[in-house]
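**Q** Generate coordinates for the sequence data below:
(one chain, ligands or ions: 1)
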Amino acid sequence: MRVGGTPHRTIWLAADAVSGIGDVEIIDQTKLPHEFTTVRLTTMEEAGFAIKDMWVRGAPLIGATAAYGVALAMRTDPSEAHLAKAYDHLFNTRPTAVNLRWALDDMTRLLSALPPDQRIMAAFRRAAEISDEDVAICASIGEHGKAVIEAAWDKKGRAETVNVLTHCNAGWLATVDWGTALAPIYKAYDSGIPVHVWVDETRPRNQGASLTAWELAQHGVDHTVIVDNAGGHLMQHGMVDLCITGTDRTTYTGDVCNKIGTYLKALAAQDNSVPFYVGLPSPTIDWTAEDGVRDIPIEERGTAEVSSISGRGEDGRLRNVQLTPDTSPAANYAFDITPRHLITGLITERGICDASADSLKRLFPEMG
Ligand code: MRU
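**A** Residues are numbered from 1 along each chain as shown. The predicted structure follows:
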């Protein structure tokens with residue numbers, strides 16, 4: 001996608017890389033929307049820090065960064081012991097997005113079958129492939145999801161704007177490019193369908209207010225930031241035609257784990273007969289998890305994210321301010337589960353299906 005008119009991905013090999021081996025660059029998403037800065041990752045530990053501290057975030061981008069983290073580890077020391085150390089270090093950065101485990105398993109399977117002197121080149125090549133595959137998957141989710149937006153437009157006689165509500169950031173900043181929930185919106189917009197996006201601010205990290213709003217603005221898509229509690233009201237008043245969110249892990253039965261608050265939007269959507277879709281790249285399906293509430297670990301983050309908030313002060317500088325009384329405890333559950341019965345459809349790279357084990361298996365028979 002474009003930043004100030006220039007095409008960008010969220011992760012890329014530094015320009016001074018030689019024969020596909022080099023440092024890795026990312027966008028520091030903690031500074032957006034106020035500052036666009038890029039950061040160079042030179043070691044596996046730096047890649048781990050970037051994931052843990054959410055310089056990069058979003059399930060697919062976490063996976064791609066972990067893959068490059070393994071490549072950086074191999075550049076330092078391609079031994080079996082260091083490969084195992086890299087797996088453990090990166091695996092322990094964030095627990096919920098399953099793309100992290102998927103990418104680490106994929107890299108380890110490939111590299112452990114090779115002699116150490118072939119691992120560096122193979123690791124960088126595979127990390128680049130994982131990134132390219134993510135772009136292709138998201139572009140395809142965009143095409144399939146565009147049809148849903150177009151159908152909503154048809155239903156309105158092609159006369160009115162289609163209003164889509166989204167939660168958190170599941171746009172190109174959460175992936176390598178295009179996004180999952182936002183890819184259908186970009187594809188619809190690019191093909192001339194009038195679309196407006198209700199952007200949940202998404203406390204406590206405000207990925208909606210800071211990231212989704214920023215990238216929609218960069219692309220020129222009409223949008224409005226709302227507080228997290230506004231969605232139900234908008235749905236009751238017919239102001240939302242459909243919801244599309246992303247997912248950090250989806251069980252093979254169709255339960256969706258996504259940013260905290262997604263479940264409440266799905267409940268409101270069902271009560272108001274608003275279709276609720278999820279953009280789902282196949283590496284985000286956990287084929288070992290059956291019941292979302294029982295089987296998916298929910299990340300608990302530091303409580304300072306709840307008790308304080310950061311933003312740009314009147315002097316133009318970024319700062320953090322405290323919201324809560326000094327003595328009040330806080331809790332910070334980062335994700336929740338939307339059960340399959342609340343989901344209208346899963347938009348995958350192979351098409352749209354019901355949130356059910358049978359439908360997912362029909363689309364991905366090789367996993368059954
Ligand atoms: O905590 P984050 O910002 O990593 O959470 C991101 C989300 O919940 C996204 O909706 C999800 O990863 C899907 S991204 C394509």
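**Q** Show the subsequent helix or strand relative to the helix or strand encompassing S131.
**A** Assigned by DSSP states H and E, S131 belongs to helix 119-155. Sequence-wise, the next helix or strand downstream of helix 119-155 (DSSP H and E) is strand 162-166.
**Q** Break the chain down into its structural domains.
**A** Domain assignment for the chain by automatic domain parsing gives 2-133, 142-367.
**Q** does the ligand sit close to the helix holding S131?
**A** No - shown here: helix 119-155 not in contact with the ligand (Cβ under 6 Å from any ligand atom), separated by at least 7.9 Å. Every C-beta, even on glycine, is put in place using the N, C-alpha and C of the backbone.
**Q** Buried residues of that helix, list them for me.
**A** In terms of neighbour count (16 or more other Cβ atoms under 10 Å), helix 119-155 has its buried residues at 119-124, 126-128, 130-131, 133-135, 137-142, 144-146, 148-150, 152-153.
**Q** what do you get for stretch 45-52?
**A** The neighbour-count check on stretch 45-52 (16+ other Cβ under 10 Å) flags 45-48, 50-52 as buried.
**Q** ok, now stretch 19-37?
**A** For stretch 19-37, a neighbour-count test (16+ other Cβ under 10 Å) marks 21-30, 32-33 as buried.
**Q** Can I get that stretch in CSV? Just the C-alpha atoms.
**A** In CSV, the C-alpha atoms belonging to stretch 19-37 read as follows (Å, rounded to 0.1, in the frame of the first residue of the first chain):
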residue,chain,number,x,y,z
SER,A,19,22.4,-11.9,-2.3
GLY,A,20,19.2,-11.8,-0.3
ILE,A,21,20.9,-11.8,3.1
GLY,A,22,21.0,-8.7,5.3
ASP,A,23,19.3,-6.6,8.0
VAL,A,24,15.5,-6.4,8.1
GLU,A,25,13.5,-3.2,8.2
ILE,A,26,10.1,-2.5,9.8
ILE,A,27,7.8,0.4,10.5
ASP,A,28,7.7,1.4,14.2
GLN,A,29,3.9,1.2,14.6
THR,A,30,4.1,2.5,18.2
LYS,A,31,4.8,6.0,16.7
LEU,A,32,1.9,6.0,14.3
PRO,A,33,-0.2,8.0,13.4
HIS,A,34,2.0,10.9,14.5
GLU,A,35,5.4,9.8,13.2
PHE,A,36,6.3,7.5,10.3
THR,A,37,9.6,5.9,11.3
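**Q** How about the contacts made by the closest residue to the ligand within the chain?
**A** Nearest to the ligand in the chain, going by Cβ to the nearest ligand atom, is G246, at a distance of 2.6 Å. Contact analysis of G246 by Cβ atoms under 8 Å, 6 or more residues apart in numbering lists 58-59, 168-170, 174, 179-181, 258-259, 278-279.
**Q** among those residues, which are in reach of the ligand?
**A** Answer for the contacts of G246 near the ligand (Cβ under 6 Å from any ligand atom): 58-59, 168, 170, 174, 179-180, 258-259.
**Q** Can you list which of the residues you listed are found in strands?
**A** 258-259 (DSSP state E).
**Q** so can I have CSV of the ones next to the ligand among the contacts of G246 showing neighbour count?
**A** Putting the ones next to the ligand among the contacts of G246 into CSV (neighbours: other Cβ atoms under 10 Å) gives the following:
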residue, neighbour count
G58, 30
A59, 28
C168, 28
A170, 32
A174, 32
G179, 31
T180, 32
N258, 28
K259, 26
